[in-house]
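Colleague: Structure here, sequence nowhere to be found:
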């Protein structure tokens, strides 16, 4: 009977993940015109003087309140605009020209706020400059404060009588050769002591980082990438639990060989071993589609993964699962906000000491671990749950690899 119930729960999880993907695909659809898009790169692709415009499918929010554009090429006239618009904004109009839109224009340094006539706001922008735009929720009078930045320094602010749900990141262009790189996941936070805006590294989400650099939700491999000992490892601060039982990564750059692994591991997993290779770990490897479960030899499991693919991993906790008390109970803290603690980052350390392969007690209750690729379940495997849980663990091993991680994609 337990096997039958587990089977139906597994089918429900598959349906749940598929439904979430379908809803997101319709609701969060980016729009653009007279532009060529390649990943995060946008290039003007229209006739001279025709407006090219990109509008994100997702509005800014409290969790996602800032985005940034890097100017790769100013083209003929550098008529690049960065700002916020309604979802229904016409794609043949520059951001800031129409009512309820606001934008900073790089060619003249002016702010356009619902008008084709701009006001002097900041300096002109050149190739290599970074232009940012975000919102503040501090106001209590129904106004939204929109701020703009250039190369990490705030240019200025403007008040808008709008809901954040109606403000969508937008980029405009209007001359040949213009090209930008768009980062819709750039994250900033207010530093309390002096009010300056600084990049939120998200390092507090991770307990261990070895040869991995964190920038917001982006993880970048920084190791040598020359051998099997050159593993870059990132392990989350909290284990998966009944409330947050699933996480995902998107391969934003496959690097040289796409030696990217997504999985779960015990807390004291060796920092120089790919997830899945050693006991107390299980992982789906992107380069060969194999599942590694406590062994350096993988089993055929699913398709290979490439740049742009989204890989996911979760645990199907039994209905009667509870967290036992004791010394390990704090590791299962269900609060999303982590307690302050120093992250162990060995990115630039030359630490060659040997780590013990055998750590905590690996015998525990059996749970079902499942893996997904682009919203579809690839397969599942029964594993023993260590006393303090299994932690989201990501490995990389070749030059240029980058992934974007969402530790709580099913929340909210």
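Modeller: Done, it's in. On a predicted model such as this, the values are computed, not experimentally measured, just so you know. Numbering: from 1, shown residues only.

Colleague: So, low pLDDT: which residues of the protein?
Modeller: When residues are selected by pLDDT under 70, those of the chain lie in 1-10, 14, 18-28, 138-142, 189-203, 323-363, 410-412.

Colleague: what ranges do the helices span in it?
Modeller: 2-27 (DSSP state H).

Colleague: give me the number of residues near residue 61?
Modeller: 13 (other CB atoms under 10 Å). No exception for glycine: its C-beta is placed from N, CA and C like everyone else's.

Colleague: and residue 104, what does it touch?
Modeller: Neighbouring residues of residue 104 by CB atoms under 8 Å, 6 or more residues apart in numbering: 81-83, 96, 110-112, 121-122, 131, 133, 148, 155.

Colleague: need those residues in TSV with neighbour count, can you?
Modeller: Converted to TSV, those look like this (neighbours: other CB atoms under 10 Å):
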residue	neighbour count
81	28
82	28
83	26
96	25
110	19
111	23
112	24
121	17
122	20
131	26
133	27
148	21
155	18
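
Colleague: which one of those residues sits closest to residue 184?
Modeller: residue 133 (10.8 Å; CB to CB).

Colleague: Residue 378 reaches residue 313, doesn't it?
Modeller: No. Counting by CB atoms under 8 Å, residue 378 sits too far from residue 313 to count as a contact (9.9 Å).

Colleague: For those two, indicate the residue with more neighbours.
Modeller: More crowded of residue 378 and residue 313, by other CB under 10 Å: residue 313, with 26 against 19.

Colleague: The closest residue to residue 62 other than its chain neighbours: how many residues sit nearby?
Modeller: Of all residues not flanking residue 62 in the chain, residue 137 sits nearest, at 6.1 Å (CB to CB, 6 or more residues apart in numbering). By other CB under 10 Å, 11 other residues sit near residue 137.

Colleague: cool, and residue 63?
Modeller: 9.

Colleague: from memory residue 66 sits against residue 188, does it?
Modeller: Yes. Counting by CB under 8 Å, residue 66 does reach residue 188; the two are 4.6 Å apart.

Colleague: list residues touching both of these two?
Modeller: Joint contacts of residue 66 and residue 188 (CB under 8 Å, 6+ apart) are 132, 134.

Colleague: any idea how far the residue nearest to residue 368 when sequence neighbours are not counted is from residue 401?
Modeller: Nearest residue to residue 368 in three dimensions, chain neighbours excluded: residue 316, at 4.2 Å (CB to CB, 6+ apart). Residue 316 sits at a distance of 29 Å from residue 401 (criterion: CB to CB, to the nearest Å).

Colleague: for residue 169, same thing?
Modeller: From residue 169 to residue 401 the distance is 26 Å (CB to CB).

Colleague: try residue 281
Modeller: Taking CB to CB, one finds residue 281 at 19 Å from residue 401.

Colleague: now do residue 157
Modeller: For residue 157, the distance to residue 401 - CB to CB - is 38 Å.

Colleague: same question, residue 45
Modeller: From residue 45 to residue 401 the distance is 29 Å (CB to CB).

Colleague: So for these two, which residue has more residues nearby?
Modeller: residue 401 (28 against 16).

Colleague: Pretty sure the more buried one sits against residue 258.
Modeller: Yes. Using CB under 8 Å, residue 401 makes contact with residue 258 at a distance of 7.0 Å.

Colleague: which residues of the stretch 301-412 of the chain fall in strands?
Modeller: In the stretch 301-412 of the chain, the strands defined using DSSP state E, counting those that start in this stretch lie at 310-316, 344-345, 366-373, 376-384, 391-396, 401-406.

Colleague: tell me what the longest one is packed against?
Modeller: Same thing as strand 376-384. Packing partners of strand 376-384 (3 or more CB pairs under 8 Å, 6 or more residues apart in numbering; DSSP states H and E): helix 2-27, strand 281-285, strand 290-293, strand 366-373.

Colleague: and the closest residue to residue 317 other than its chain neighbours, how many neighbours?
Modeller: Nearest non-adjacent residue to residue 317, counting by CB to CB, 6+ apart: residue 242, 4.6 Å away. For residue 242, the count of nearby residues is 15 (other CB under 10 Å).

Colleague: can you give me the strands for the stretch 1-150 of the chain?
Modeller: 31-33, 35-38, 41-44, 52-55, 66-74, 81-85, 102-105, 110-113, 119-120, 130-136, 144-150.

Colleague: Give the residues shared as contacts by residue 378 and residue 313.
Modeller: 284, 370-372.

Colleague: how about CSV for these, with neighbour count and distance to residue 106 added?
Modeller: Shown next, in CSV, are those (neighbours: other CB atoms under 10 Å; distance: CB to CB, whole Å):
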residue, neighbour count, distance to residue 106
284, 29, 42
370, 21, 46
371, 22, 43
372, 24, 40
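
Colleague: Need the max-distance pair from those.
Modeller: Once CB to CB is applied, these give 284 and 370 as the farthest pair, at 9.9 Å.

Colleague: shared neighbours of the two, which are they?
Modeller: With CB under 8 Å, 6+ apart, residue 284 and residue 370 have common neighbours 313, 378.

Colleague: With neighbour numbers in mind, choose between residue 66 and residue 188.
Modeller: Neighbour totals were compared for residue 66 and residue 188, and residue 66 leads with 24 against 21 (other CB under 10 Å).

Colleague: who does that one bridge with?
Modeller: residue 134 (DSSP bridges).

Colleague: Could you do residue 55 as well?
Modeller: Residues in beta-bridge contact with residue 55 (DSSP bridges): residue 31, residue 170.

Colleague: thinking residue 181 is in contact with residue 67, fair?
Modeller: No. Contact between residue 181 and residue 67 fails when scored by CB under 8 Å: they sit 11.5 Å apart.

Colleague: And the two? Which one has more around it.
Modeller: Using other CB under 10 Å as the criterion, residue 181 and residue 67 rank with residue 67 on top: 24 against 14.

Colleague: so the more buried one makes contact with residue 187?
Modeller: No. Contact between residue 67 and residue 187 fails when scored by CB under 8 Å: they sit 9.5 Å apart.

Colleague: doesn't residue 89 make contact with residue 98?
Modeller: Yes. Contact criterion CB under 8 Å: residue 98 and residue 89 qualify, at 6.4 Å.

Colleague: So between the two, which is more surrounded?
Modeller: residue 89 (22 against 17).

Colleague: so what's the more buried one up against?
Modeller: With CB under 8 Å, 6+ apart, residue 89 has these contacts: 53, 55, 95, 98, 101, 168, 170.
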